[in-house]
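Visitor: compute the structure for the input listed below.
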Amino acid sequence: MADITVRALRAVDADRVLAIYQAGLDAGDASFETTAPDWAAFDAARLPEHRFVAVDGDDAAIGWIAVVPTSARAVYAGVVEHSVYVDPAARRRGVARLLLDTLIASTEAAGVWTIQSGVFPENAASLALHQRAGFRVIGVRERVGRHHGQWRDVVLLERRSPTVD
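Guide: This is a model prediction of the structure:
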C-alpha cells in the first residue's frame with residue numbers, strides 16, 4: 001500500500017471514477033443502479049468536502065468514496081450515506097479500507113455523527129470491510145427492490161462517531 005495515497009476527488013478524476021463505478025455496477029452486487037450517472041449528476045449529488053480518490057504512483061484513481069446527505073432536514077445534518085468503489089484490478093490491496101478511514105476522519109472533523117450505507121447481503125467483502133471499520137448491522141430491508149428482475153435484500157449499516165456529540 002506504500003504506493004497508494006488518498007486525495008480529494010477532483011473533476012479531472014471524472015472519467016476514472018465513473019469507469020470504476022460502472023465496473024462495480026457491472027459486477028452485480030454493488031447497487032440497484034445499473035448505469036453510472038454522467039459527471040454532472042454525480043458531482044451535483046455528492047458533498048464536495050467528503051469525496052476522495054485512492055491513487056497509485058501515477059496519480060491515476062484506483063478507487064473512490066463519497067457521501068450524500070440523507071435528508072435536507074436540519075435534524076439530520078450530521079448523517080450521511082456513503083458509497084465506496086475500487087477498480088477490480090486494485091482489489092484486495094487495502095484500498096477500500098484506506099478510503100473508508102479517510103472518510104471517517106473527514107466526516108468526524110466536520111461534525112458528522114453517523115455514516116450509513118446499504119449493502120447487498122451477497123457482498124461479503126463489503127460487509128466485512130464495514131464491520132472491521134466500526135460499522136454495525138442495524139437491520140435488513142427484505143425484498144426492498146428488484147435488480148435485474150430479482151428481488152434483493154439490503155443490509156443496513158451505520159457507524160456512530162465516538163467523538164462527535
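Visitor: residue contacts, the spatially most central residue of the chain?
Guide: Among the residues of the chain, the smallest C-alpha distance to the mean C-alpha position (CA atoms, centre = their mean) belongs to residue 83, namely 1.7 Å. Taking CB atoms under 8 Å, 6 or more residues apart in numbering as the contact definition, residue 83 lies against 31, 65-67, 117. (Each C-beta comes from the backbone N, C-alpha and C, glycine too.)
Visitor: tell me the mean pLDDT over the helix or strand containing residue 19?
Guide: In this assignment (DSSP states H and E), residue 19 forms part of helix 14-27. The average of the pLDDT scores along helix 14-27 is 96.
Visitor: who touches that helix?
Guide: In this structure, residues lying in contact with helix 14-27 by CB under 8 Å, 6+ apart are 9, 30-31, 33-39, 42-43, 53, 60-64, 85-88.
Visitor: let's see which of those end up in helices.
Guide: Mapping those onto helices (DSSP state H) picks out 39, 42-43.
Visitor: who wins on neighbours among these?
Guide: If you count neighbours using other CB atoms under 10 Å, the busiest of those is residue 42, which has 18 neighbours.
Visitor: on that earlier part again, on the three-state scheme, the residue nearest to the centre of the chain is what?
Guide: Per DSSP: H, G, I helix; E, B strand; the rest coil, the secondary structure class of residue 83 is strand.
Visitor: and the helix holding residue 19, how far out from the chain middle?
Guide: Here the centre of helix 14-27 is set off from its chain's centre by 12 Å, with CA atoms, centre = their mean, to the nearest Å.
Visitor: circling back to that earlier point, let me know the closest of the contacts of residue 83 to residue 103.
Guide: Of all these, residue 65 has the smallest distance to residue 103: 5.0 Å, by CB to CB.
Visitor: tally of neighbours for that closest one?
Guide: Here the count is done by other CB under 10 Å, and residue 65 has 27 residues near it.
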